[in-house]
Structure formats: C-alpha cells, structure tokens
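Enquirer: 3D model of this:
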Amino acid sequence: MTTRQMQILSALGSGLVGAAVLTAVHQIARALTPNAPRMDVLGRRAITKTLKHVGITPPRGDTLQRVALAGDLVSNSLYFALAGLGAGRYARHAPGRGLALGLLAGLGAVVLPPKMHLGRWPSRASTATKAMTVAWYTAGGLAAGTALRGVRQSAWV
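Expert: Below is the predicted model:
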C-alpha cells in the first residue's frame with residue numbers, strides 16, 4: 001500500500017473515531033438528560049423528507065432510527081476525516097483542524113435545521129441544548145484529530 005493510501009485510510013479511520021465519540025455521547029446523554037440534543041430526530045426528519053421527495057416510502061419506527069444512526073455515523077465519519085486530509089507531515093496540527101471542524105459542525109447543527117425545515121427543538125430546545133450540541137460536535141472533531149495524530153506518529157504511516 002502506498003503512503004498516500006495509508007494517509008487516506010488513517011484519515012477515514014480517525015473520522016470514524018470522531019463520529020463514534022459524537023454518537024456515543026449523544027446516545028448516552030439522550031438517556032440521561034431531558035435537554036439533550038436529539039440529532040437523531042433531525043436525521044429521521046431529513047431521511048423521511050428526502051425519501052418522500054423522491055417518491056419512496058420511508059422506513060418507520062426502529063428501522064428509521066437505525067437508518068438515521070447509520071447515516072449519522074457515515075456522514076460524520078467522512079466529515080471528521082477532513083481533519084486528516086493533506087496532513088502528511090503536519091499531523092501534529094490534526095487536533096486543531098478537528099477541533100475547528102467540530103466547532104463548525106456544532107454551530108451548523110444549531111443554526112441550520114430550522115433553515116432546512118427540519119424543526120427547531122432537537123438542537124435548540126434550550127441554551128443548554130445549544131451548548132451541548134456545539135460541545136459534543138467539537139469533542140468529536142477533537143477526537144478525530146487526536147486519533148489521526150496518534151496514527152500518523154506511529155511507525156507504520
């Protein structure tokens with residue numbers, strides 16, 4: 001495998017780490033805190049709206065929830081993988097890039113859903129909900145960048 005291929009794989013892997021951290025925090029908080037952001041609700045709404053728009057009957061119930069979680073993991077993994085693109089010998093900067101990406105994603109998760117007609121409540125229920133949304137996406141981005149730095153500083157990449 002070439003060095004470039006290894007860099008891409010490590011970026012994708014670190015993106016998955018960030019997405020897993022973000023998803024785990026969301027799911028744990030959802031069970032513990034009534035004001036927790038419900039990004040899964042936004043995911044379900046987006047899937048339902050998109051599928052209906054193209055004439056496909058969307059899944060319901062637990063199936064829709066699983067599809068939304070899978071979609072979150074895939075899209076967040078790809079997004080957080082951006083922390084590692086072009087890093088090469090500059091892997092030490094990956095946590096900062098991840099942090100910036102996470103902060104932008106968190107702010108977007110608070111601001112964009114109403115503009116996309118996905119509703120307000122899931123990420124904007126209260127000031128605490130907004131703060132948790134931004135903090136958790138930031139933590140996911142930081143986890144991705146830190147994972148990438150660790151992999152890139154290892155002997156095999």
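Enquirer: For the chain, which residues score under the pLDDT cut-off?
Expert: Across the chain, the stretches falling below the confidence threshold (pLDDT under 70) are 86-91, 120-124, 152-157.
Enquirer: Show the residue spans covered by the helices in it.
Expert: Along the chain, counting by DSSP state H, helices occupy 3-32, 39-53, 61-80, 94-115, 121-124, 127-152.
Enquirer: can you give me how far the longest one is from the chain middle?
Expert: Spelled out, that is helix 3-32. Remark: helix 3-32 is offset 7 Å from the chain centroid, using CA atoms, centre = their mean, to the nearest Å.
Enquirer: other SSEs contacting it?
Expert: Under the contact criterion of 3 or more CB pairs under 8 Å, 6 or more residues apart in numbering; DSSP states H and E, helix 3-32 touches helix 39-53, helix 61-80, helix 94-115, helix 127-152. (Each C-beta comes from the backbone N, C-alpha and C, glycine too.)
Enquirer: thinking again about what came up before, switch the helices of the chain over to a markdown table; also include mean neighbour count.
Expert: What follows is these, written out as a markdown table (neighbours: other CB atoms under 10 Å):
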| stretch | mean neighbour count |
| --- | --- |
| helix 3-32 | 18 |
| helix 39-53 | 17 |
| helix 61-80 | 16 |
| helix 94-115 | 19 |
| helix 121-124 | 20 |
| helix 127-152 | 23 |
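Enquirer: right, and the helices and strands packed on helix 3-32 - which one's nearest Thr33?
Expert: Taking CB to CB as the measure, the helices and strands packed on helix 3-32 were each checked against Thr33, and helix 127-152 came out nearest at 7.8 Å.
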